[in-house]
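>>> I need the structure of the sequence given here:
(one chain, ligands or ions: 3)
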Amino acid sequence: EFELYFQPKVDLLSLQVVGAEALIRWHRAGYGMVPPDVFIPLAEESGLITKISQWVAKQAIEACKSWHNLGLQHITVAINLSEVDFRRGNLPQKLLNYLSDAQLAPHYLELELTESMIIDDVSHVQRQIQQLHAKGVSLAIDDFGTGYSNLGYLSKFNVSSLKIDQSFIKNLDESEHDYHIVKAIIQMGQSLGIAIVAEGIENDVVAQKLKKLNCQFGQGYLWSKPLNNDEFIA
Ligand code: C2E
Ligand code: CA
Ligand code: CA
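Ligands and ions are numbered 1, 2, ... in the order given. Below is the predicted model of the structure:
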């Protein structure tokens with residue numbers, strides 16, 4: 001009943017699709033769609049998330065390889081992970097196995113983690129992230145700006161991108177306050193050599209503002225909702 005959807009990540013200058021974020025969907029028989037916000041927290045509590053994340057990772061890696069085989073060669077794929085996924089310690093080996101089974105180079109895979117997952121540390125998370133980074137897998141900080149922002153972890157974890165939380169992007173066309181926060185995050189990213197992705201871009205005014213601020217990448221309904229694999233390829 002699970003299906004993996006993909007939302008394109010767009011280069012704000014060229015408007016090319018450079019990657020996709022994998023987002024899980026549950027089509028529950030006799031009920032309809034259960035949103036991930038509802039069942040992911042329950043899966044984390046019960047420990048079932050470990051199996052779900054492995055399924056997501058394998059599907060996402062295989063899909064990415066299939067896009068490359070269709071000639072969409074530069075596209076990367078990002079998956080969302082939970083802290084629970086790191087508890088057993090075998091996540092790096094699993095991910096590297098899926099990559100090698102699919103013959104996909106590790107630098108096409110990005111892991112999205114939230115700030116709290118790596119700050120509360122949790123040295124076991126750190127060790128596994130470093131193991132994966134050494135093989136070429138990259139790390140993105142999801143929902144950036146909503147955690148405690150002890151920014152020391154940015155260099156410690158070799159973070160390659162920051163995804164600015166939707167709550168700052170949503171009202172960028174109206175809120176001066178949000179505009180200055182977003183501007184500061186983008187400037188910080190530039191000085192540290194960390195790519196910036198703005199999430200939740202719904203209109204062109206916001207996209208143009210972000211482009212003027214030199215934000216590199218964006219995601220949002222302006223371009224596309226998350227799509228099933230066939231729709232994403234099209
Ligand atoms: P997230 O990782 O922050 O994902 C972004 C969410 O924002 C997605 O909701 C996406 O559909 C939505 N979104 C994208 N563009 C826009 C926009 O322009 N406007 C608005 N209003 N929303 C937009 P979704 O797919 O319902 O996922 C919700 C959350 O569930 C995700 O937030 C993530 O934390 C979690 N999640 C989804 N799939 C997975 C998964 O495979 N594993 C894990 N651990 N968590 C997942
Ligand atoms: Ca995410
Ligand atoms: Ca997010």
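
>>> ok, and what's touching stretch 125-137?
83, 86, 89, 91-92, 95-96, 99, 105-107, 109-111, 113, 117-118, 139, 156-158 (CB atoms under 8 Å, 6 or more residues apart in numbering). The C-beta positions use only the backbone N, C-alpha and C, and glycine is treated the same way.

>>> taking those residues, please make a ChimeraX selection of just the buried ones.
In ChimeraX, a selection of the buried entries from the contacts of stretch 125-137 looks like this (16 or more other CB atoms under 10 Å):
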select :83,86,91,92,95,96,99,106,109,110,111,113,117,118,139,157
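
>>> what's in contact with the biggest strand by length in the chain?
Criterion DSSP state E: the longest strand present in the chain is strand 17-28. For strand 17-28, contacts defined as CB under 8 Å, 6+ apart pick out 1-11, 33-34, 36, 39-40, 52, 56, 59-60, 63-64, 74-80, 110, 112, 217, 219, 226, 232.

>>> right, and the helix or strand after it?
strand 32-34 (DSSP states H and E).

>>> adjacent strands (with direction) for that next one?
The sheet places strand 32-34 alongside strand 17-28 (antiparallel), with pairing taken from DSSP bridges.

>>> restricting to C-alpha, output stretch 151-165 in CSV.
Once non-C-alpha atoms are left out, stretch 151-165 reads as follows in CSV (Å, rounded to 0.1, in the frame of the first residue of the first chain):
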residue,chain,number,x,y,z
LEU,A,151,25.5,26.1,14.2
GLY,A,152,28.7,24.4,15.2
TYR,A,153,27.4,21.2,13.7
LEU,A,154,27.4,22.6,10.1
SER,A,155,31.2,22.0,9.7
LYS,A,156,31.4,19.0,12.0
PHE,A,157,29.0,17.1,9.9
ASN,A,158,30.1,18.2,6.4
VAL,A,159,26.6,19.5,5.7
SER,A,160,26.2,20.0,1.9
SER,A,161,22.8,21.8,1.9
LEU,A,162,20.3,23.6,4.1
LYS,A,163,16.6,23.4,3.3
ILE,A,164,15.0,26.6,4.7
ASP,A,165,11.8,25.7,6.4
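
>>> gap between the most far-flung residue of the chain relative to its centre and Leu48?
Each residue of the chain has a distance to the centre, and by CA atoms, centre = their mean the biggest one is for Gly30: 30.5 Å. As judged by CB to CB, to the nearest Å, Gly30 and Leu48 stand 20 Å apart.

>>> and the gap between Ala78 and Gly89?
Taking CB to CB as the measure, Ala78 and Gly89 are separated by 22 Å.

>>> go on, Lys51?
Summarising the geometry, the distance separating Lys51 from Gly89, computed by CB to CB, is 16 Å.

>>> burial of the closest residue to Asp85 other than its chain neighbours, as a residue count?
When the adjacent residues along the chain are set aside, Asp85 lies closest to Ser53, with 4.8 Å between them (CB to CB, 6 or more residues apart in numbering). Number of residues near Ser53 (other CB atoms under 10 Å) recorded here: 24.
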